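# After the sequence you'll find the predicted model.
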There are 2 protein chains.
Amino acid sequence: MANDDTNKGEFALIDLIRRRAAASDAVPVGIGDDCAVLDAPGGPVVITTDMIIEGVHFEETDPLLEVGWKATCVSFSDIAAMGLRPTALLCAAALPEGFSMQQAEEIFRGINHACTEFGVALVGGDTTSSTGPLSLCTTALGKADGHLKPLLRSGAQEGDTILVTGSLGGSILGKHLTFRPRVDEAVALNDSFDVHAMIDISDGLAADLTHIIEESNLGAIIEADKIPTADAAHELARHTGKTPLQHALSDGEDFELLFTMHPDAAARLLKQPAFEVPVSAIGRIIDAGLFIELDGQRRPLEPKGYEHFK
Amino acid sequence: MANDDTNKGEFALIDLIRRRAAASDAVPVGIGDDCAVLDAPGGPVVITTDMIIEGVHFEETDPLLEVGWKATCVSFSDIAAMGLRPTALLCAAALPEGFSMQQAEEIFRGINHACTEFGVALVGGDTTSSTGPLSLCTTALGKADGHLKPLLRSGAQEGDTILVTGSLGGSILGKHLTFRPRVDEAVALNDSFDVHAMIDISDGLAADLTHIIEESNLGAIIEADKIPTADAAHELARHTGKTPLQHALSDGEDFELLFTMHPDAAARLLKQPAFEVPVSAIGRIIDAGLFIELDGQRRPLEPKGYEHFK
């Protein structure tokens, strides 16, 4: 549940909704986080919806099994970003003219694989024909069982260490279709650590860190040499004329977790990792602004990151 | 949450999901009703998702205010079909290239108008650009407060009277964009009458009645001269060469309620209407088959209705 910044100049309907739709007693967290949070007698329910479209989020030549997986895991990643586990999924599909049974089966297999992998019930859907490209809209629900509370973007505190799972950049080379949403890692973090703010990296490190500091009314500084650049970022950089760092800062759809916690908690996590996926401390929350330290110099960082390095 | 039968030969991904996705303890009603029903500590939660697409469910020339209204009310109608009231909405939008701020505003106004009208919180969304036509995917949640239980398609009993709200046919002339989902009427019925089965008419009277009898493992017979044909059905018939009855039987997107109850309850409802929208008794549930009585003759009725009258 996020704006897609793939195409610049795109108008974001969500911003309209955000400005006008007020939170209410039953909806403590409305528009503007990875999920909406709904109050329910058994504890908060989180919910998110995401649409992916051929030609924008995947190509006609991509394996449909992976397209189904991606559609599902994009929503699971939003639930993970709240520190919770997805429980139920709905999927609406718009199938282009001439779409075959076999093709639809492949998509379904991808959706089903993801649901099975994360123990999620596939509870509903809608199918329609389309005059346009293949489109899949997934809606995932998650529940805050027991003592777990939804983690918001807005909870960062000054002095927090900024951490990220995995490595970043170049997801267009494949990871954007086959990534594993960090559900187990997010729940482990929420369960064992006092995480202050969390988001999944869908728009890119710089953009998603901007979401955290904007929602928290704070700033951030990150250290360039601490940012874990993916092999794919290096590979892509050989063709784009950008640096691996630029890709790590600005590429979207890595679906890693970006989160902040007290430096003591961060030190504890780094010393005794709670899971196998690597975690890197990349910077700290400050009172205002967004900066990057590169070659001993501190300079402003734009949400689009790479624009400063062109 | 239903298959769209607008285009014949369309493959229905939902059928795949239905065959393979099992209901579970936490999901007493999965695929195959108007909504999925999720068990929750405070009572069942129902949820539905629907996608509407330019060129299939509306035309480029349709007012965007009405397109936003339709996208929202299609999902509200699914919640109403469970005899419940919608409480929260999410909307994902795929905007075609060149879409303007003003156009997006119009859609939002339509969505917001429907939410305000029915007291629903707009809690989340997603916006993406698209290489294809305008697409809107809405997900609505509803809650079964107090003593109300979700009404299913599968509850029809032999001997039940079949009833329908409003009038049917010709919705393509305008009602499909501006219809008022029968939320208040559905809740009043669920609250004051022992409704056995209910569905909203999205695929057409014959097709949706087929859904009820298939899910209930029963049959139905309807009386042609009892079917309330809309003025639009008569108007459309002047151009199509079909009869108004054919349109009332087979046209989709009237979003009226089709429901069954014991004949005594039906008589009570017809004698003392619970709301202003007219209700008609159009037939009864039998043990098997689907028939229509027309000009004193009983003949089989296909789910596509009109095909027998061509």
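Received it, and whenever you're ready, just let me know what you need.
# Next, the contact list for residue A:300, please.
A:289, A:290, A:291, A:292, A:308 (Cβ atoms under 8 Å, 6 or more residues apart in numbering or on different chains). In short, each C-beta sits where N, CA and C put it, glycine included.
# host element of the fourth one?
What that stands for is residue A:292. strand A:290-294 (DSSP states H and E).
# Next, the residue of chain A most remote from its centre: secondary structure please.
The C-alpha centroid of chain A is most remote from residue A:98, which lies 32.7 Å away (Cα atoms, centre = their mean). Assigned by DSSP: H, G, I helix; E, B strand; the rest coil, the conformation of residue A:98 is coil.
# got the residue ranges for the strands in chain A?
Applying DSSP state E to chain A gives strands spanning A:36-38, A:45-53, A:85-96, A:121-130, A:135-143, A:161-165, A:195-200, A:219-223, A:257-261, A:279-286, A:290-294, A:297-300.
# Using CSV, lay out those together with mean pLDDT.
Formatted as CSV, the strands of chain A follow (pLDDT from 0 to 100):
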stretch, mean pLDDT
strand A:36-38, 86
strand A:45-53, 94
strand A:85-96, 94
strand A:121-130, 89
strand A:135-143, 95
strand A:161-165, 98
strand A:195-200, 98
strand A:219-223, 98
strand A:257-261, 98
strand A:279-286, 98
strand A:290-294, 96
strand A:297-300, 94
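# Is it possible to get these out as CSV so that each row also shows distance to residue A:211?
Shown next, in CSV, are the strands of chain A (distance: least, Cβ to Cβ, whole Å):
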stretch, distance to residue A:211
strand A:36-38, 15
strand A:45-53, 14
strand A:85-96, 21
strand A:121-130, 29
strand A:135-143, 19
strand A:161-165, 13
strand A:195-200, 6
strand A:219-223, 11
strand A:257-261, 9
strand A:279-286, 13
strand A:290-294, 11
strand A:297-300, 17
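# Figure out which of those strands is closest to residue B:199.
Of all these, it is strand A:121-130 that lies closest to residue B:199, at 15.0 Å by Cβ to Cβ.
# what's the closest one packed up against?
In terms of contacts (3 or more Cβ pairs under 8 Å, 6 or more residues apart in numbering or on different chains; DSSP states H and E), strand A:121-130 is packed against strand A:85-96, helix A:101-117, helix B:13-20, strand B:36-38, strand B:45-53.
# related to what we said a few turns ago, for the residue farthest from the centre of chain A, give its distance to chain B.
10 Å (Cβ to the nearest Cβ, to the nearest Å).
# Now do that residue against residue A:60, distance only.
Using Cβ to Cβ, to the nearest Å, residue A:98 is found at 12 Å from residue A:60.
# what do you get for residue A:43?
From residue A:43 to residue A:60 the distance is 42 Å (Cβ to Cβ).
# More neighbours: which of these two?
Ranked by neighbour count (other Cβ atoms under 10 Å in any protein chain shown), residue A:43 and residue A:60 place residue A:43 first, with 17 against 11.
# thought the more buried one was touching residue A:150?
No - with contacts counted by Cβ atoms under 8 Å, residue A:43 stays clear of residue A:150, the gap being 9.6 Å.
# Measure how buried whichever residue of chain A sits closest to chain B is and give me the count.
Relative to chain B, the nearest point of chain A is residue A:132 (2.5 Å; Cβ to the nearest Cβ). Using other Cβ under 10 Å, residue A:132 is surrounded by 23 other residues.
# domains for chain A, by residue range?
For chain A, the structural domains run A:13-143, A:153-309, going by automatic domain parsing.
# tell me the most buried of those?
domain A:13-143 (a mean of 22; mean count of other Cβ atoms under 10 Å in any protein chain shown).
# Any idea how far that one is from the middle of the chain?
Chain-centre distance of domain A:13-143: 13 Å, with Cα atoms, centre = their mean, to the nearest Å.
# now the helices: where do they sit in the stretch 151-300 of chain A?
Secondary structure of the stretch 151-300 of chain A by DSSP state H, counting those that start in this stretch: the helices cover A:175-178, A:183-192, A:205-216, A:231-240, A:244-250, A:263-271.
# For these, give me JSON lines that also has mean pLDDT and distance to residue B:235.
Listed next are the helices of the stretch 151-300 of chain A as JSON lines, based on pLDDT from 0 to 100; distance: least, Cβ to Cβ, whole Å:
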{"stretch": "helix A:175-178", "mean pLDDT": "97", "distance to residue B:235": "49"}
{"stretch": "helix A:183-192", "mean pLDDT": "96", "distance to residue B:235": "54"}
{"stretch": "helix A:205-216", "mean pLDDT": "96", "distance to residue B:235": "52"}
{"stretch": "helix A:231-240", "mean pLDDT": "97", "distance to residue B:235": "59"}
{"stretch": "helix A:244-250", "mean pLDDT": "96", "distance to residue B:235": "56"}
{"stretch": "helix A:263-271", "mean pLDDT": "97", "distance to residue B:235": "69"}
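# Switch these over to JSON lines; also include distance to chain B.
As requested, the helices of the stretch 151-300 of chain A are exported to JSON lines (distance: least, Cβ to the nearest Cβ, whole Å):
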{"stretch": "helix A:175-178", "distance to chain B": "14"}
{"stretch": "helix A:183-192", "distance to chain B": "17"}
{"stretch": "helix A:205-216", "distance to chain B": "14"}
{"stretch": "helix A:231-240", "distance to chain B": "22"}
{"stretch": "helix A:244-250", "distance to chain B": "18"}
{"stretch": "helix A:263-271", "distance to chain B": "29"}
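# Export these as a markdown table, with columns for distance to residue A:138.
What follows is the helices of the stretch 151-300 of chain A, written out as a markdown table (distance: least, Cβ to Cβ, whole Å):
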| stretch | distance to residue A:138 |
| --- | --- |
| helix A:175-178 | 15 |
| helix A:183-192 | 15 |
| helix A:205-216 | 20 |
| helix A:231-240 | 24 |
| helix A:244-250 | 25 |
| helix A:263-271 | 30 |
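# Please tell me I have it right and residue A:243 contacts residue A:237.
Yes - using Cβ under 8 Å, residue A:243 makes contact with residue A:237 at a distance of 5.7 Å.
# what are the bridge partners for residue A:142, then?
residue A:46, residue A:86 (DSSP bridges).
# contacting residues around it?
Here residue A:142 is in contact with A:35, A:45, A:46, A:47, A:79, A:82, A:84, A:85, A:86, A:87 (Cβ under 8 Å, 6+ apart).
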